[in-house]
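**Student:** sequence? don't have it. structure:
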């Protein structure tokens, strides 16, 4: 038979598990509250995720560039059922940021038609200071990283201390 003490302890454990479930189910909002249309700002170079030459189309290179507010720099970060995220073009919501093989083209990042392929799914992990790291679901241990504008964005070995891998979400609206 349950006593008041056991019921209280059970309630406390249940509340703790519920709070863990809420945190585990949190979106990147737990790091920086991306809601609606956002810029995805890199801490390392203070530039935003951008579609090269402003041409939002399949296979376009994703780069970082100085924020100018163009439609090719606006994104939605959408949580998927499995807890990963799609980075979706605001200008063309049928296109998502996807990781190319790190063995081909140095792991460049490009736009692809949104589907459930692992190459388009990203695990988001808060890295502190209101930013976080997007790790590839297709290539565990590799994360979205900013490099110079000519090289675009690439996959790099995940390092939470590397500012080129930390992203925040200023509102684009």
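**Tutor:** That came through fine. These numbers come from a predicted model, not from an experiment.
**Student:** Every contact and neighbour count from this point should use C-alpha atoms.
**Tutor:** OK.
**Student:** and after whatever helix or strand residue 132 lives in, which helix or strand comes next?
**Tutor:** Using DSSP states H and E, residue 132 maps to strand 131-136. Once strand 131-136 ends, the next helix or strand along the chain (criterion: DSSP H and E) is strand 142-146.
**Student:** quick one: average pLDDT of stretch 75-87?
**Tutor:** Mean pLDDT, computed over stretch 75-87, is 94.
**Student:** Bridged to the residue most central in space within the chain, which residues?
**Tutor:** The centre of the chain sits closest to residue 134, judged by C-alpha atoms, centre = their mean, with a distance of 4.3 Å. Assessed by DSSP bridges, residue 134 has beta-bridge partners residue 124.
**Student:** burial measure for residue 55, as a count.
**Tutor:** 12 (other C-alpha atoms under 10 Å).
**Student:** Would you mind measuring from it to residue 72?
**Tutor:** Residue 55 sits 7 Å away from residue 72, taking C-alpha to C-alpha, to the nearest Å as the criterion.
**Student:** picking that back up, got the contact list for the residue nearest to the centre of the chain?
**Tutor:** 122-125, 143-144, 165-167 (C-alpha atoms under 8 Å, 6 or more residues apart in numbering).
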